[in-house]
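Enquirer: after the sequence you'll find the predicted model.
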Amino acid sequence: MQPQMDKLLIRYCNYFKINNADFKSDSRVNGLPRDRHIFYYCVKTKFTNVKLRHIAIIANKKPSGVSYGIKTIADL
């Protein structure tokens with residue numbers, strides 16, 4: 001499952017022209033938090049059996065932040 005999510009993250013970053021290192025950093029410039037949240041939501045809806053901690057490992061974030069991001073996008 002993790003190699004698929006790695007490939008998905010690379011494709012996501014390339015499509016939206018986001019530097020992979022910036023995506024995994026703590027930076028909050030240029031809408032990066034929103035972009036991260038959308039990625040979390042997409043992964044969770046595509047791979048329904050994936051655990052939040054696996055998404056967090058891929059994105060270099062805490063599972064609670066991943067959960068918050070998914071909820072934020074789902075509530076839009």
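Expert: Done, it's in. Please read these numbers as outputs of a predicted model, since none were measured by experiment.

Enquirer: buried sites along the lowest-mean-pLDDT helix or strand in the chain?
Expert: Within the chain, judged by mean pLDDT, DSSP states H and E, the helix or strand with the poorest mean is helix 2-15; its value is a mean of 88. Neighbour-count burial for helix 2-15, counted by 16 or more other Cβ atoms under 10 Å, picks out 5, 8-9, 12-13. Where C-beta positions appear, they are placed from N, C-alpha and C, glycine not excepted.

Enquirer: tell me the first helix or strand C-terminal of that helix.
Expert: The element immediately downstream of helix 2-15 (helix or strand, assigned by DSSP states H and E) is helix 20-24.

Enquirer: could I get the contacting residues of Leu8?
Expert: Neighbouring residues of Leu8 by Cβ atoms under 8 Å, 6 or more residues apart in numbering: 42-43, 46.

Enquirer: which of these sits closest to Val66?
Expert: Val43 (8.9 Å; Cβ to Cβ).

Enquirer: the closest one and Lys71, how far apart?
Expert: Distance from Val43 to Lys71, counting by Cβ to Cβ, to the nearest Å: 14 Å.
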